[in-house]
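Q: Please work out how this folds:
(chains A and B)
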Amino acid sequence: MELTREEESALKGEQGETMQMAYRILVATGEATDAEKLIPIEWTHLSGVNYNTIGDAGEEFLSSISKDARVKVKTTLNPMGFDIDNVSNYGLDENFISKQLSIKNSYETMGVTPSFSCIPYEIYDIPKNGTQVAFAESNAAIHANSYDDLKTNKESAFSALASALTGKSPNSSIRKEDTPNVTINMKIKNPNELSYGMLGFFAGKVGDTSVNISGLSNMDNRQQKAMCGGMGTSGTCAKFIFGDGDSDCEKIDFDEKELQNVHDELNTAENGDIITLGSPQLGLEEITELTQKLKGRSFKKRCMVFTPRTVKVQMQKLGYTNQLERAGCEILSDCCTCLTPLINKDNVDAVTTNSIKGAFYLKNSNKVDVNLKPLSQIIEDETK
Amino acid sequence: MNKVLVAGKINGTVLKSKDSINFLGTVDKKTGIISDKNHDLYDKSLKNSILVFPSGIGSSVGAYTIYSIKSNDAAPLAMICQKADLTVATGCALANIPLIIISDEEFSSLENGMKISLDTENSNPIVHQ
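A: Here you go, the predicted structure:
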């Protein structure tokens, strides 16, 4: 990768240790993605916020660089471990809370917008077509490339941070023309959001940096998010393109057998002790729909609903919070199902969810069993 | 064709794994010892080795684990992979651990216990001692 004179000087350490570190990360990312130069980006979205995922080393690292590191472009942030408004209800230990607050403080000191959301594409205005961004949250990177006409790598926590501190990212192949060599044909009839989550999970395993998908009907917002979440979980794939692709593309069917395989890999229980909705977090559209579906009904067991803080404020004004709480929902902002410390295998054996992404992390990181159902089925089975 | 992801120069002994490594799940953050019983390098420490393995896999947060073992003085001296991935690339870049990607042929020629010198500035970066 070719660097300008100024970039070379930063890499040599002439602009301080933090910039040297950032450029070292960008150079490694560029070499790994076959980029020829660095280009400006307009928006970064960072992962590496939840203390459960980054641990003491991460907390100390962020605390140390925040003394002089400042972001150069608009930078938003993934969910953390809890909602400060109701954390006292969940019995988290003091150490977790203080380390999490230190992480929050470090990001804010660096000038990061404390959005604590994994759906930046839903709570912020989308810049004009073709805008270069750097999103580390995998479902958001895939959504940005596939639905929002933005361009991003499926960044790592560090590559997105380096882009935030420099305002630049390598001009990798995914940012230019990319032609997938695999086409997946969606053959499931009457798919719901769970089927699309499984399709995404399957596609992420077979695709490299991008993949064609044919046979898709009109998808609603929930189904689109489910597909991006599933794909981001299973592989390195950063984009899907709607259509058959070139004639020489390898063709792979996604039919009942493939769907069943994903189901068998992630569904480990017939029933859950609690329900989680929101992985990715629910936006206002899904919250509105959920409120309507739950009119006159209430959950027979705990149901945790994860949503960004901006949506939590809006839904309060609209009266949805009261209605959902009356229906037995616990509304949580700033955090998400993935690696949440609020679900502990000491108290919970199994969780019911409609999220493939949520299922994967609940199973592998929280070590609880998972019962997968689409939202319509959850409401039918679990409310009265 | 070699690809230098993080530059550096170092002498050391090869610790080779046939299995890919998920740094988040299987490497102890403080000791650099592999804790996964099913892994090729189970119970071995990565400390001060030249770690040779196919590729990093799993969560991007594994980059923080690489940084952590470096902070705890338990990291490899260098890493050599067959395939580039952003988790290992950025983890090594942040921790300043030299990292190169080599051909399948060269990968097969490296064996456990070999003493090698790695110099990423050199057109032939790996020299057997």
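Q: Regarding chain B, what is its longest strand?
A: The residue-count maximum for a strand in chain B (DSSP state E) belongs to strand B:9-16.
Q: Could you name the helices and strands sitting against that strand?
A: strand B:50-53, strand B:115-119 (3 or more Cβ pairs under 8 Å, 6 or more residues apart in numbering or on different chains; DSSP states H and E). For the C-beta atoms, the positions are set from N, CA and C on the backbone; glycine is no exception.
Q: For A:Leu77, find the nearest of the ones you listed.
A: strand B:50-53 (31.9 Å; Cβ to Cβ).
Q: pretty sure A:Ile275 is in a helix, no?
A: No: counting by DSSP: H, G, I helix; E, B strand; the rest coil, A:Ile275 is not part of a helix but strand.
Q: Can you name the residues that contact the residue nearest the centre of chain B?
A: With distances taken as Cα atoms, centre = their mean, B:Met79 lies nearest the centre of chain B, 2.7 Å away. If you count contacts by Cβ atoms under 8 Å, 6 or more residues apart in numbering or on different chains, B:Met79 has them with B:50-53, B:88, B:92, B:97-99.
Q: Assign it to helix, strand or coil.
A: Of the three states, B:Met79 takes strand under three-state DSSP.
Q: Give me the distance between it and chain A.
A: Distance check for B:Met79 against chain A: by Cβ to the nearest Cβ, to the nearest Å, it reads 11 Å.
Q: So what sits opposite that residue in the bridge?
A: For B:Met79, the beta-bridge partners are B:Leu51, B:Leu99 (DSSP bridges).
Q: And for the residue of chain B found nearest chain A, the neighbour number?
A: Evaluated by Cβ to the nearest Cβ, chain B has B:Ser68 as its residue closest to chain A, separated by 3.3 Å. B:Ser68: 26 surrounding residues under other Cβ atoms under 10 Å in any protein chain shown.
Q: So which of the helices and strands packed on strand B:9-16 has the densest surroundings on average?
A: Counting by mean count of other Cβ atoms under 10 Å in any protein chain shown, strand B:50-53 has the highest mean neighbour count of the helices and strands packed on strand B:9-16, with a mean of 24.
Q: contacting residues around that strand?
A: By Cβ under 8 Å, 6+ apart, the residues outside strand B:50-53 that reach it are B:10, B:12-17, B:19-21, B:76-81, B:107, B:110, B:116, B:118.
Q: Lowest-scoring secondary structure element of chain A by mean pLDDT?
A: Using mean pLDDT, DSSP states H and E, helix A:356-364 stands out as the lowest-scoring helix or strand of chain A, at a mean of 88.
Q: what's the next secondary structure element after that helix?
A: Per DSSP states H and E, the first helix or strand lying C-terminal to helix A:356-364 is strand A:369-372.
Q: Mind giving me the packing neighbours of that following strand?
A: Here strand A:369-372 touches helix A:256-266, strand A:350-353, helix A:356-364, going by 3+ Cβ pairs under 8 Å, 6+ apart.
Q: That one: partners in the sheet, and parallel or antiparallel?
A: Sheet neighbours of strand A:369-372, with direction, are listed as strand A:350-353 (parallel) (DSSP bridges).
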